[in-house]
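K.L.:
Have a look at this prediction, sequence included:
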Amino acid sequence: MTRADDIRLACHLGVDAIGMVFAQRSPRRLEVTQAASLRTEVAAGIEAVALFMDNTADEVNDVIAQARPTLLQFHGVEDEAFCRSFGLPYMKAIAMGDEGGQVIDWAARYPDATALLLDSHAVGGAGGSGRTFDWSRIPAQLGKPFLLAGGIVPDNAFEAVSVVRPWGVDVSSGIESAPGIKDAARMRRFVEEVRRADALRG
Ligand SMILES: O=C(O)c1ccccc1N[C@@H]1O[C@H](COP(=O)(O)O)[C@@H](O)[C@H]1O
């Protein structure tokens, strides 16, 4: 998220986590000082997630020092040693857009990850594209909690949670009116749809 009002609304709606993007070419990329200021809006008990994509260790450390994330999300080709070297819990994005990729093999490369994030990009590609992937490619036994990402919008959030039964869903462009600008009505509907599916899950 890039705006204080969007973060306040998300906290009010009771989300589990709020993301701040530091990937180089992202339209949602924050400067570290901006992130440090936005961080103060994240309510206690909600994860502040810092998203990186092949950033340098110095960049990651600078973000950690100034924006104080509680969870790191790595979206590039970072290896396990790099991801865990910062001493914070981390999630690793797995590229589900690459039809040839073996999901279990990729997942096994990150034994210390707190969770995996299955996204629709191909290996080396960026997220935040708004594209879904073929959810039937998700193995039944991944061996770790996972978040479902990629093209989740208010209209398919119910189906995503009901069918895939992920630990969580991650949304970016699906609740935006423009890159980085969240839309309050779409955010509300998204949370409502996830709650509706959760309530029926049992
Ligand atoms: O949001 C970005 O700009 C971004 C840039 C580089 C890597 C990942 C990025 N976003 C993440 O992509 C997924 C899916 O997003 P969407 O809902 O399909 O738009 C999600 O994890 C975002 O946090």
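P.N.:
That came through, no problem. Residues are numbered from 1 along each chain as shown.

K.L.:
Output the set of residues of this structure in proximity to the ligand.
P.N.:
Residues of the chain found near the ligand (Cβ under 6 Å from any ligand atom) are 19, 21, 23, 26, 28, 51, 53, 75, 117, 119, 126-130, 149-152, 170-174. To be clear about C-beta, it is placed using only N, CA and C from the backbone, and glycine gets the same treatment.

K.L.:
Could you point out the helix or strand that follows the worst-scoring helix or strand of the chain on mean pLDDT?
P.N.:
Ranked by mean pLDDT, DSSP states H and E, the helix or strand of the chain with the weakest confidence is helix 103-108, at a mean of 84. Remark: after helix 103-108, the chain's next helix or strand is strand 115-119, criterion DSSP states H and E.

K.L.:
Remind me what that following strand packs against, helices and strands.
P.N.:
Packing partners of strand 115-119 (3 or more Cβ pairs under 8 Å, 6 or more residues apart in numbering; DSSP states H and E): strand 90-95, strand 146-148.

K.L.:
now those in JSON lines, with mean pLDDT?
P.N.:
Converted to JSON lines, those look like this (pLDDT from 0 to 100):
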{"stretch": "strand 90-95", "mean pLDDT": "94"}
{"stretch": "strand 146-148", "mean pLDDT": "96"}
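
K.L.:
Mean neighbour count, those: which tops it?
P.N.:
Mean neighbours per residue, mean count of other Cβ atoms under 10 Å, is largest over those for strand 90-95, with a mean of 25.

K.L.:
Now do it against strand 115-119: the angle between them, please.
P.N.:
Strand 90-95 and strand 115-119 are oriented at 30 degrees to each other (axes from the mean of the first three to the mean of the last three Cα atoms, to 10 degrees).

K.L.:
can you pull the pLDDT of the closest residue to K144 other than its chain neighbours?
P.N.:
Nearest non-adjacent residue to K144, counting by Cβ to Cβ, 6 or more residues apart in numbering: L116, 5.4 Å away. With respect to pLDDT, L116 scores 95.

K.L.:
Next up, the contacts around L116.
P.N.:
Residues near L116 by Cβ atoms under 8 Å, 6 or more residues apart in numbering: M91, K92, A93, I94, A107, Y110, L142, K144, P145, F146, L147.

K.L.:
can you count the residues close to A115?
P.N.:
If you count neighbours by other Cβ atoms under 10 Å, A115 ends up with 19.

K.L.:
element containing Q73?
P.N.:
Per DSSP H and E: strand 71-74 holds Q73.

K.L.:
And for that strand, what's in contact with it?
P.N.:
Residues from elsewhere that reach strand 71-74 (Cβ under 8 Å, 6+ apart): 17, 19, 47-53, 60, 64, 82-83, 86, 88-93, 114, 117.

K.L.:
Let me know the helix or strand that the closest residue to L30 other than its chain neighbours is in.
P.N.:
Once flanking residues are discounted, L30 sits nearest to M20: 5.4 Å by Cβ to Cβ, 6+ apart. Here M20, judged by DSSP H and E, is contained in strand 17-21.
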